[in-house]
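A.B. asks: whatever this is, show me its structure:
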Amino acid sequence: MTPEQRSLRSRMAAAIGHSRHDPRLTTVRARQAFLARFEREVDPDRRLPPRERARRAEQARRAYFYRLALASSRARRC
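C.D. replies: Residues are numbered from 1 along each chain as shown. A predicted model of the protein is given here:
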């Protein structure tokens, strides 16, 4: 099987899965793990109050996506 065929087969399988199940429900654990990463980053010892930890984690998440956007912009410019 060629790389293109493998990619098409994977996309087809993903589309079938999304047609049968709500993707928000099937990816809950992955999203929780992704967001927990930022909480660990800003408060590794869990000493901050939950609201402050969540606020800082949100800012860390935003910074992460801004870094990705900047890297994407630089890659497109070259």
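A.B. asks: quick check: buried residues in the helix or strand hosting Ser72?
C.D. replies: Using DSSP states H and E, Ser72 sits within helix 50-77. Within helix 50-77, the residues that qualify as buried are Arg53, Ala54, Arg56, Ala57, Ala60, Arg61, counting by 16 or more other C-beta atoms under 10 Å. In short, each C-beta sits where N, CA and C put it, glycine included.
A.B. asks: make CSV out of those residues and add pLDDT.
C.D. replies: CSV is the format used below for the buried residues of helix 50-77 (pLDDT from 0 to 100):
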residue, pLDDT
Arg53, 97
Ala54, 96
Arg56, 98
Ala57, 97
Ala60, 98
Arg61, 98
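A.B. asks: just the residues you listed now: which is nearest Ala14?
C.D. replies: Arg61 (24.5 Å; C-beta to C-beta).
A.B. asks: once you drop chain neighbours, what's closest to the closest one?
C.D. replies: With C-beta to C-beta, 6 or more residues apart in numbering as the criterion, Arg61 has its nearest non-adjacent residue at 4.8 Å, and that residue is Phe38.
A.B. asks: fine, thanks again, bye for now.
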